[in-house]
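Undergrad: sequence first, predicted coordinates after that:
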Amino acid sequence: MPVPTLTLAEVAGRDVLTVEETAAILGLSRGGTYAGCRSGELPAVKVGARYLIPVRRLSALLGLDLDEPGPSETPSDAPATPAASLSIVGDVS
């Protein structure tokens, strides 16, 4: 079964993500994402048996500003800015 891929830009208008969506964005396994939620390494709210990950808190953790226009949202007369790069180091599982 192929792993879905998502970007934060695709979910910027939403308030929360599922564990599966967060795993797809971060390139982590579902189990590793659950472990990050349980340990507090990932921002998560437990609702019943489910974990929900607030989009704004996840973007802040990654050092991204969702209010800043992305490359596809930049007006055509505005100068282009380089995209931010993201590197995750260390064991996050």
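TA: Yep, that arrived. Numbering: from 1, shown residues only.
Undergrad: longest strand in the chain, please.
TA: Ranked by residue count and defined by DSSP state E, the top strand of the chain is strand 50-54.
Undergrad: paired strands for that strand, with orientation please.
TA: Looking at strand 50-54 with DSSP bridges, its partner strands are strand 16-17 (antiparallel), strand 45-47 (antiparallel).
Undergrad: so after that strand, what's the next helix or strand?
TA: helix 55-61 (DSSP states H and E).
Undergrad: low-scoring pLDDT stretches of this structure, where are they?
TA: Segments of the chain classed as low confidence (criterion: pLDDT under 70) are 1-4, 8, 67-93.
Undergrad: what about the helices in it?
TA: Counting by DSSP state H, one finds helices in the chain at the ranges 19-26, 30-39, 55-61.
Undergrad: need the winner for burial among those.
TA: Highest mean neighbour count of the helices of the chain: helix 19-26, a mean of 21 (counted as mean count of other C-beta atoms under 10 Å). From N, CA and C alone the C-beta is placed, and that goes for glycine too.
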